[in-house]
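> Here's my sequence, what's the structure:
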Amino acid sequence: MTDVPPDELSARLQDDDDDVLVLDVRHQDDYDEWHIPDSVNVDVYDELQDDPETATKRLDELPDDREIVTVCAAGVVARTATDVLREQGYDATTLVDGMNGWSRVHRSAPVQTDLDGTLVQVARPGKGCLSHVLISGGEAAVFDPSHYHEEYEAIIDEYDADLAGVFDTHAHADHVSGGADLAERHDVPYYLHPKDALALDSTPIEDGATIEVGTVDVDVIHTPGHSEGSVSFDLEGEALLTGDTLFHESVGRVELGVEAGIEDSDVEGNAATLYESLQRLLDRPDDALVLPAHDPGSPEPPVTATLEDVKAQNADLNRDREDFIETLASDIPDHPPNFERVKRTNVGQEDVPDDELSELELGPNRCAAE
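Alright, predicted model coming up:
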């Protein structure tokens, strides 16, 4: 077999005894922007397209005692690389759908808390996205899901629970939310703040509201700034689901909604609003686990840090108000790919066909201020 499914490669990369080598044949700029961790890059993309034989010399320098899995954007050029390598005697296979396929990989692990139930973190290493599933008293709630519903339904089935609600911390800019569709499939409420549910049918949530999932209280904290409707969820002081408001080493950027044309505010005003929102989170218990919706690397769940640790390691939290506003409003990193369309899709202003969703959200995560 010359193809490796993304989930199989993911499992093998987690196995310390599996000596697979991932070879990325894309252009170096594309590799530098977004790649599978610990992969190696040999930029022979043009050669493989124009005249594969010319790539032979550079590929001949690879170790011959490891299985090589080739990767490109969609798996087409990588398959040519696999053919060239096999002709040279290498044990080579191709990652199905390339980086597109890697973006679909989900991994999950329980988060250690004292909640009366189980909190599971679901990570997408190819996107840097983190979502969570809370199970308590036979009920389940999903927070910030991707549009790959089966990942969450499998967890809910494993715990023999019934889905009671789906929550989004905000209208995301880097990936297409599966929240509304997952809720509709199971005929349960989709909870989203009205400021972000611009053209969506959703169950509105407001600051100070409490929603019960089994025997666990989910408290809503309106924390705007990254988006006008951003909220954080406090799970009984044990866990803070902070969306893109607060990361472990950064905070949410403040210009995406403005530049996508869905907010009437300005960047400086958003930065000031985010500063005030963060102060509300910093008053929570120091031992509460901060669980954001993204991690800038390739997250291996569970990704956690106590609020006390976040306060100590997050430089943005040590800025005074004036410095915070000036820094976030002026230091604008590269945007997430297609963020305007992703934003409009997640607020209900644009309807993207199912077969285009995966391609729309491809690329690195860039929702943190850097």
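
> A74 sits in which helix or strand?
Per DSSP states H and E: A74 is located in neither a helix nor a strand.

> wait, it sits on D97?
Yes - contact criterion CB atoms under 8 Å: A74 and D97 qualify, at 6.1 Å. In short, each C-beta sits where N, CA and C put it, glycine included.

> So between these two, which is more surrounded?
Neighbours were counted for A74 and for D97 using other CB atoms under 10 Å; D97 has more, 21 against 15.

> pLDDT wise, what is the closest residue to the more buried one other than its chain neighbours at?
Distances taken as CB to CB, 6 or more residues apart in numbering put G75 closest to D97, at 5.0 Å, once the chain neighbours are dropped. Looking at G75, its pLDDT stands at 92.

> Next up, the contacts around G75.
Neighbouring residues of G75 by CB atoms under 8 Å, 6 or more residues apart in numbering: T94, L95, V96, D97, G98, N100, G101.

> Then E255?
V267, N270, A329, I332.

> Of those, grab the buried ones for ChimeraX.
In ChimeraX, this line selects whichever of the contacts of E255 come out buried by 16 or more other CB atoms under 10 Å:
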select :267,270,329
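
> Identify those among the contacts of E255 that sit within strands.
Among the contacts of E255, no member falls in strands (DSSP state E).

> With adjacent residues omitted, what lies nearest to I211?
Per CB to CB, 6+ apart, closest to I211 is V218, 4.7 Å.

> Over to F339?
Per CB to CB, 6+ apart, closest to F339 is A173, 4.5 Å.

> picking up where we left off before, who wins for neighbours among the contacts of G75?
Using other CB under 10 Å as the neighbour test, the contacts of G75 are led by L95, with 28 neighbours.

> Dihedrals phi and psi, that one?
phi -70, psi 120 (degrees, to the nearest 10).

> Check P204 too.
Residue torsions, per degrees, to the nearest 10, at P204 are phi -70, psi 150.

> Ok, the one 3 residues further on next?
D207 has phi and psi values of phi -60, psi 130 when expressed as degrees, to the nearest 10.

> do the same with D16
Residue torsions, per degrees, to the nearest 10, at D16 are phi -60, psi -20.

> coming back round to it: and the gap between the residue nearest to D97 and L95?
Between G75 and L95 the distance is 6 Å, computed by CB to CB, to the nearest Å.

> who touches both of these two?
What both G75 and L95 touch, as defined by CB under 8 Å, 6+ apart, is the set G101.

> low-confidence ranges in the chain?
Where the chain drops to pLDDT under 70, the residues are 1, 260, 333, 365-370.

> Run a quick neighbour tally on D162.
Considering only other CB under 10 Å, D162 is surrounded by 12 other residues.

> neighbours of K57, just the number please.
Neighbours around K57, by other CB under 10 Å: 10.
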